[in-house]
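Build me a model:
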Amino acid sequence: MSTSYPGDTLTFAVQAAPSRQAGSWTRLARDAEDLGYRALLVPEHVGSGGPLVGMAAAGAVTTSLSVGSLVLSADFHHPVLLAEEFMTLAALIGGRLEVGLGAGWMRRDYERLGQTMDPPGARMARLSAFVDAFLSRCDGRGYEGPHHRFPAADVQPAAAGWKPVIVLGGGGRRMLDLAVRRADIVNIGAPMTTGLRNAPLGPEATHRAFADRVARLVRTAHELRRWPRLQCLAYETHVTSDAWASARGVADGLGIPADEVLASPLTLIGSVPELCDKIQQCRETLGITYWVVKSPAMYDFAPVVARLRDA
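Residues are numbered from 1 along each chain as shown. Alright, predicted model coming up:
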């Protein structure tokens with residue numbers, strides 16, 4: 001069975017935290033647009049800066065660049081208030097938005113907020129209900145569910161007709177099952193079961209593990225006749241003439257050998273031609289067509305974007 005999703009061309013985005021770019025955030029956004037990136041995506045962690053403020057500032061100084069979240073935790077927001085924020089932002093910047101939502105995974109965020117981090121099943125159930133509630137508010141519909149209830153209400157006139165681009169993703173079976181059913185874009189990664197940012201991922205980071213996840217997604221997509229785009233965030237991006245040395249340098253952090261590092265979709269390591277080949281191969285073998293690199297690599301990676309964008 002083919003893993004290619006119909007009609008997808010290659011697309012690239014940058015992930016960046018506003019607090020780490022405080023003096024140059026708007027310049028980063030303009031540069032990302034000029035370099036051909038599709039979007040500037042903001043994470044949400046306590047201490048990384050306000051994602052919605054960062055998105056608004058980036059959207060205000062660009063004309064074609066989308067802005068979005070990768071991702072906002074459902075546990076930290078109310079769906080009605082978050083929908084209002086996104087509808088307002090959509091009206092202000094012409095709908096150039098991606099709405100990335102997640103179940104929360106970093107234990108430190110919960111500790112800093114004084115919240116209990118429930119087991120994955122409970123967090124996943126809340127996320128599923130949150131997506132329903134969020135979309136209901138964006139459509140002006142009322143909602144009654146296990147965690148939220150609210151009546152129908154008029155949609156802001158300036159946002160009428162805006163349809164949220166929903167991004168969901170992760171590496172666990174329940175998360176990916178929800179994503180393929182509800183998202184427009186599925187960010188496929190590895191399970192973050194420890195709740196720690198720098199914990200080695202081990203075998204879950206390998207190409208084989210990604211192939212297994214994609215195979216499950218494809219089976220469900222065929223059953224549903226629904227084909228969300230597949231996205232991957234590269235944890236490590238090194239544009240270098242010595243890929244092997246760079247791979248050895250990150251092997252311990254990922255918990256896999258250097259040869260597996262080079263094959264993993266979680267890394268983009270190599271020369272520009274080598275990276276172009278890897279991205280093309282991942283499109284053929286895994287169906288991944290939307291790549292996200294972290295902001296420190298944005299400029300070095302730009303020649304790859306120039307070669308492959310819209311290919």
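
which residue ends up closest to the midpoint of this structure in space?
Leu70 (4.2 Å; C-alpha atoms, centre = their mean).

Report the separation between the most far-flung residue of the chain relative to its centre and Ala302.
If you look at how far each residue of the chain sits from its centre, by C-alpha atoms, centre = their mean, the farthest one is Pro151, at 30.5 Å. Separation of Pro151 from Ala302 (C-beta to C-beta, to the nearest Å) stands at 48 Å. Bear in mind the C-beta positions are built from the backbone N, C-alpha and C, glycine included.

again with His222
Counting by C-beta to C-beta - His222 and Ala302 are separated by 36 Å.

More neighbours: which of these two?
Ala302 (20 against 12; other C-beta atoms under 10 Å).

and the closest residue in space to His148 that isn't next to it in sequence, what element?
With C-beta to C-beta, 6 or more residues apart in numbering as the criterion, His148 has its nearest non-adjacent residue at 4.9 Å, and that residue is Ala133. Assessed by DSSP states H and E, Ala133 sits inside helix 120-139.

Show me what that helix is packed against.
helix 79-93, strand 97-102, strand 143-144, strand 166-170, helix 173-182 (3 or more C-beta pairs under 8 Å, 6 or more residues apart in numbering; DSSP states H and E).

picking up where we left off before, so the residue nearest to the centre of the chain sits against Gly100, correct?
Yes: using C-beta atoms under 8 Å, Leu70 makes contact with Gly100 at a distance of 4.4 Å.

Please enumerate the shared neighbours of those two.
Counting by C-beta atoms under 8 Å, 6 or more residues apart in numbering, the shared contacts of Leu70 and Gly100 are Leu41, Val167, Asn187.

and the first one, helix, strand or coil?
Yep, that's Leu41 we're talking about. Following DSSP: H, G, I helix; E, B strand; the rest coil, Leu41 is assigned to strand.

Could I get the contacting residues of the closest residue to it other than its chain neighbours?
Spatially, and ignoring its direct neighbours in sequence, Leu41 is nearest to Leu70 (3.9 Å; C-beta to C-beta, 6+ apart). For Leu70, the contact set (C-beta under 8 Å, 6+ apart) comprises Gln15, Leu41, Val42, Pro43, Glu98, Gly100, Val167, Asn187, Leu233, Val292.
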